[in-house]
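**Student:** Got a predicted structure plus its sequence, pasted below:
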Amino acid sequence: PVAGEVDIVIASELMEAGRALQRGLVTPQRTTFIASTHRVYSMTERTAMGDGRVDGDKLLAGAAAAARRFIHADFARLADASASLISPALYGALAASDALPFGRASFEATIERGGVGVKASLAAFASGFAAAHACLASPDPARPPAAPAAAVPALGPRLAHLGQLIDAQFARRHHATLSAGVLRAADYQDVDYAASYLARLSPLAATLPADAALGGELLDETARHLALWMTFEDTVRVADLKTRRSRFERVVGEVRLADSQHLGIHEFLHPRVEEIADTLPAGLGQWLLATPWARALVARFTRRGRVVQTSSVRGFLLLYAVAALRPMRRRSLRFAVEQRRIDDWLATILRLAPARPALALEVARAQRLVKGYGQTHERGWRSFERVMGQVPALQGSAQGAQQLQALMRAALADDTGRALDEMLAGLHMPGEQAGQPSFPH
């Protein structure tokens, strides 16, 4: 295809549509542009340190402006509903576009002559045809549907008393976030842990700034990031998620497993000495990390990763045994370290909230630097420490919140820390050079 001379362009997902636009294949003089609006995230989007997703709304608007006619819908969802592939749904949209000199019957006859999956393909074709007609009839086809308001999750009988606590102590606007956090904490550990989640937020709710909008955003963001931090990923959590019935059911649905087929799921696991020490009781874990011969001995068995088939009895029981350590998590080294870090982070937010709420809000959002496990978590924690080390100096600046926000963007720009190094060097702030991080190791 030559840029500027293409009559029909069909894209099977939104980023593919963006690439067609970038190459100049879509022109307002001649191109009928058909695109599915679902997303298959590119590798650069997946590996970004922060939220690297391309703005889908801008892609839709650009496609509408660039094409003579723009037909779009979530054709992948339509195909799934028909138990078919996306190609028949896109084929239906092509038929509805009238860009080719063939009627609908000719398109359907082609599917019937194929002789494979005819019923499902015809259903997907019909759905795609109808969606394309609806899109062509819309006065504003590039406008995405409005996102529904977040519903308050049902807590159930086991957590009903925590739901009553939320109703009594927190404003209605926070109930959806807090209920989701309670559910996540209880699923991660137990009901008492979920109660401690709310207890940690109560002091902040009592000391919010006078600005109601800013104070509400501060509490909501702190609640969201606290739930994420309190459910940090460790070996127990990973094993638990990989052995859940819901996970096997999801994979079965994704591959559309037939009754006559068997499913094999293979996991690549590579726990390091540090992850093993984190799972041990705090004293034993510290001893392992501080004892060279013990570290060397354990490292011999963890130098290479291993593949575990969780769909086999042996592989499943191996990970299930690790997941069963959840009651011991409270005594583990990782749990003790993370709880101290969380408390210090919350103390900083609480201290800043009355007088410097905007800066407190950015401190709350800085938690997004700490994610994952293993080396990913270590890199994120180093960046978090360095950014938080600047908070004392930023308190006296009128632009402190904006500067902290810029530091976080730099920390998320790459996994080498180079962008953050350059920004810190330009700030000439004393906290980083003093070597006194605000949070415990």
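**Tutor:** Cool, the structure landed.
**Student:** Any regions of the chain where pLDDT drops low?
**Tutor:** In the predicted model, the chain carries pLDDT under 70 at residues 139-150, 428-441.
**Student:** For it, just list every one of the strands.
**Tutor:** Residue ranges of the strands in the chain, as given by DSSP state E, are 8-11, 32-36, 69-73, 266-269, 306-309.
**Student:** Return the most buried member of those.
**Tutor:** Highest mean neighbour count among the strands of the chain (mean count of other Cβ atoms under 10 Å): strand 32-36, with a mean of 26. Using the backbone N, CA and C atoms, a C-beta is placed for each residue, glycine as well.
**Student:** Next one: R173 from G215, what distance?
**Tutor:** Per Cβ to Cβ, to the nearest Å, R173 is found 11 Å from G215.
**Student:** Buried residues in stretch 11-24, which are they?
**Tutor:** For stretch 11-24, the neighbour count (16 or more other Cβ atoms under 10 Å) marks 11-15, 17-18, 20-21 as buried.
**Student:** how about the strands of the chain, which one is nearest V370?
**Tutor:** Among those, the nearest to V370 by Cβ to Cβ is strand 266-269 (22.1 Å).
**Student:** Summarise which helices and strands that closest one is packed against.
**Tutor:** In terms of contact count using 3 or more Cβ pairs under 8 Å, 6 or more residues apart in numbering; DSSP states H and E, strand 266-269 is assigned the packing partners strand 306-309.
**Student:** strands paired with the strand it packs on, and their directions?
**Tutor:** Next to strand 306-309 in the sheet, as set by DSSP bridges, lie strand 266-269 (antiparallel).
**Student:** Can you show me the CA trace of the strand it pairs with as PDB?
**Tutor:** Output of strand 266-269 as PDB, limited to C-alpha atoms (Å, rounded to 0.1, in the frame of the first residue of the first chain):
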ATOM      1  CA  HIS A 266       3.600 -23.800  33.000                       C
ATOM      2  CA  GLU A 267       5.000 -21.100  35.300                       C
ATOM      3  CA  PHE A 268       8.600 -19.800  35.200                       C
ATOM      4  CA  LEU A 269       9.700 -19.000  38.700                       C
END
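**Student:** Please compute how far it lies from its chain's middle.
**Tutor:** 21 Å (Cα atoms, centre = their mean, to the nearest Å).
**Student:** can you give me the end-to-end distance of stretch 8-23?
**Tutor:** Across stretch 8-23, the terminal residues are separated by 14 Å (Cα to Cα, to the nearest Å).
**Student:** Give me the contacts around it.
**Tutor:** 3, 25-26, 31-42, 54, 56, 59-60, 62-63, 66-67, 72, 75-76, 86-87, 90, 93-94, 97, 99-100 (Cβ atoms under 8 Å, 6 or more residues apart in numbering).
**Student:** Recalculate using a threshold of 7 Å.
**Tutor:** 3, 25-26, 31-40, 42, 54, 56, 59, 62-63, 66, 86, 90, 94, 99 (Cβ atoms under 7 Å, 6 or more residues apart in numbering).
**Student:** For ChimeraX, what selects the buried ones among the residues you listed?
**Tutor:** Typed into ChimeraX, the line below selects the buried ones among these, using 16+ other Cβ under 10 Å:
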select :25,26,31,32,33,34,35,36,37,38,39,42,56,59,62,63,66,86,90,94,99
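**Student:** quick one: V308 and H270 touch, right?
**Tutor:** No - applying Cβ atoms under 7 Å as the test, V308 and H270 come out as separate, 10.9 Å apart.
**Student:** any idea how far E378 is from A65?
**Tutor:** Distance from A65 to E378, counting by Cβ to Cβ: 45 Å.
**Student:** for G372, same thing?
**Tutor:** The gap separating G372 from E378 is 9 Å, by Cβ to Cβ.
**Student:** Wait, L204 touches A353, no?
**Tutor:** Yes - using Cβ under 7 Å as the test, L204 is close enough to A353 to be in contact (6.3 Å).
**Student:** L214: how many residues sit nearby?
**Tutor:** 16 (other Cβ atoms under 10 Å).
**Student:** who touches it in this structure?
**Tutor:** L214 is in contact with 357-358, counting by Cβ under 7 Å, 6+ apart.
**Student:** The same query, at a cut-off of 8 Å, please.
**Tutor:** Going by Cβ under 8 Å, 6+ apart, L214 touches 357-358, 361.
**Student:** how far away is the residue nearest to T348 when sequence neighbours are not counted from Q403?
**Tutor:** Distance criterion Cβ to Cβ, 6 or more residues apart in numbering; nearest residue to T348, sequence neighbours excluded, is V363 at 5.5 Å. Counting by Cβ to Cβ, the gap from V363 to Q403 is 12 Å.
**Student:** In this protein, which residue is most central in space?
**Tutor:** With distances taken as Cα atoms, centre = their mean, the residue of the chain nearest its centroid is D51 (8.1 Å).
**Student:** Can you get me a residue count around S246?
**Tutor:** Using other Cβ under 10 Å, S246 has 8 neighbouring residues.
**Student:** what sits against T302?
**Tutor:** T302 makes contacts with 270-273, 276, as judged by Cβ under 8 Å, 6+ apart.
**Student:** Please apply the same query to Y320.
**Tutor:** Shown in contact with Y320 (Cβ under 8 Å, 6+ apart): 239, 243.
**Student:** let's see it at 7 Å
**Tutor:** With contacts defined as Cβ under 7 Å, 6+ apart, Y320 is in contact with T243.
**Student:** how much space between it and T243?
**Tutor:** Note on Y320: its distance to T243, by Cβ to Cβ, is 5 Å.
**Student:** if we can go back for a sec, R173 and G215: which has the busier surroundings?
**Tutor:** A count of neighbours by other Cβ under 10 Å puts G215 above the other of R173 and G215, at 21 against 12.
**Student:** isn't the more buried one right next to A205, touching?
**Tutor:** No - the pair formed by G215 and A205 falls short of the contact definition of Cβ under 7 Å, at 9.2 Å.
**Student:** and L280, how many residues sit next to it?
**Tutor:** Using other Cβ under 10 Å, the number of residues around L280 comes to 19.
**Student:** Quick check, it in contact with L333.
**Tutor:** Yes - shown here, L280 and L333 form a contact pair, counting by Cβ under 7 Å, at 6.1 Å.
**Student:** Could you check what's spatially nearest to A186, not counting adjacent residues?
**Tutor:** Excluding its sequence neighbours, the residue lying closest to A186 (Cβ to Cβ, 6+ apart) is A194, at 4.0 Å.
**Student:** Now do the contacts for the one you found.
**Tutor:** A194 makes contacts with 159, 162, 182, 185-186, as judged by Cβ under 7 Å, 6+ apart.
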